[in-house]
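Novice: I need the structure of the sequence given here:
(chains A and B)
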Protein chains: 2
Amino acid sequence: MISKLKHNEFARKTLDYFKKANIVLTEDEQNKIEIADFGLDDIENTGLQLITYINTERVCAKELVLFPNQTCPEHRHPDRNGLPGKEETFRCRYGRVYLYVSGDPAANPFCKPPAGSEEYFTVWHEVVLNPGEQYTILPNTLHWFQAGGEGAIVSEFSTKSHDESDIFTDVRIKRIPVIEN
Amino acid sequence: MISKLKHNEFARKTLDYFKKANIVLTEDEQNKIEIADFGLDDIENTGLQLITYINTERVCAKELVLFPNQTCPEHRHPDRNGLPGKEETFRCRYGRVYLYVSGDPAANPFCKPPAGSEEYFTVWHEVVLNPGEQYTILPNTLHWFQAGGEGAIVSEFSTKSHDESDIFTDVRIKRIPVIEN
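Specialist: Alright, predicted model coming up:
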């Protein structure tokens, strides 16, 4: 659960990032920033801020914001009802993001998992994305990512998003945020 | 056909627009800007500049640039091989774009078709997109668009793009650009 106070503070900080990167949101979108704390109550380290522009049956586009060194924990997008799971392309727009996917592990990965969660990070193939660089994650591929010291903004272009179906390696995680009243 | 000289001039101007809007492209992308003159040899009036970030079997994302008052002519994305045609969401990032789709016609539309092409513009439902505003165009929907006086940058989030299958109202149009040697 995230307190309303912290939710509002993180939403404000997210808008500052969009402003810095010249990304314009409508007023309605500004009021719909999603603050995902993944139910771990450690959002400074494990968390993600986002706005969903569009999510139809066929197409989804989001803008993701990570604050400095913040981590989106390891997960995958499984097949659903016999159809292939979510395919997503991450394009870095601002800052730098370190993306880890299954594949040859990095000998000296730049990032460390958030303290206390080490056992839930199992894939170590490292992809570094600077502004303008992108990477496509196929369905069912385990992945996690962490921002560099400046934070990061990442555009996500994907098939339909069903966040509630994501499978996290960390069984303690709840993807859908709950805001305290 | 477009001359190499004009192609390069328009590609350079396109990069200036991206710079102005803080949109970062890789060097490889900078060298792959597509300049679409639609075969009408009147690119100042009928033309479109674009970069395709990704175009897989399921997802496509592009950035479109229109120079001041430039028009992308009327077309639709038909169904293909029994599958629904391209669905696209246009999100204005910079400047202003006037989008025309089938539906209730505007009494006093802001835009005029390029001179001499009037008969090939048949849909007049007007949607004005300022930065941060977006609109989703369903498969098979006739549409065309024109930039305002500052030009426009539009992000396109869509299903797979098959530009060669687009059906233009103007039968003289050739969508795939040919560059003179």
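
Novice: helix, strand, or coil at the nearest residue in space to A:N22 that is not next to it in sequence?
Specialist: Residue nearest to A:N22 in three dimensions, not counting chain neighbours: B:N22, with 4.1 Å by Cβ to Cβ, 6 or more residues apart in numbering or on different chains. Every residue, glycine included, has its C-beta placed from N, CA and C. Secondary structure state of B:N22, per DSSP: H, G, I helix; E, B strand; the rest coil, is coil.

Novice: how about the nearest residue in space to A:I173 that is not next to it in sequence, what does it touch?
Specialist: Leaving aside its sequence neighbours, A:I173 sits nearest to A:F38 (Cβ to Cβ, 6+ apart; 4.7 Å). Counting by Cβ atoms under 8 Å, 6 or more residues apart in numbering or on different chains, A:F38 touches A:46-48, A:73, A:168, A:170, A:173-175.

Novice: helix, strand or coil for A:F38?
Specialist: Per three-state DSSP, A:F38 ends up coil.

Novice: could you check how far it is from A:K174?
Specialist: 7 Å (Cβ to Cβ, to the nearest Å).

Novice: what's the single longest strand in chain A?
Specialist: As assigned by DSSP state E, the longest strand anywhere in chain A is strand A:143-158.

Novice: helices or strands up against the helix or strand hosting A:Y100?
Specialist: Following DSSP states H and E, the helix or strand that holds A:Y100 is strand A:88-101. If contacts are counted by 3 or more Cβ pairs under 8 Å, 6 or more residues apart in numbering or on different chains; DSSP states H and E, strand A:88-101 sits against strand A:60-66, strand A:125-129, strand A:134-137, strand A:143-158, strand B:48-55.

Novice: if you set the cut-off to 7 Å instead, what comes out?
Specialist: Contacts defined by 3 or more Cβ pairs under 7 Å, 6 or more residues apart in numbering or on different chains; DSSP states H and E place strand A:88-101 against strand A:125-129, strand A:134-137, strand A:143-158.

Novice: could I get these as a markdown table with distance to A:N108?
Specialist: Formatted as a markdown table, those follow (distance: least, Cβ to Cβ, whole Å):
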| stretch | distance to A:N108 |
| --- | --- |
| strand A:125-129 | 9 |
| strand A:134-137 | 20 |
| strand A:143-158 | 15 |
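
Novice: out of the ones you listed, deepest packed?
Specialist: Among the helices and strands packed on strand A:88-101, ranked by average contacts under mean count of other Cβ atoms under 10 Å in any protein chain shown, first place goes to strand A:143-158 (a mean of 22).
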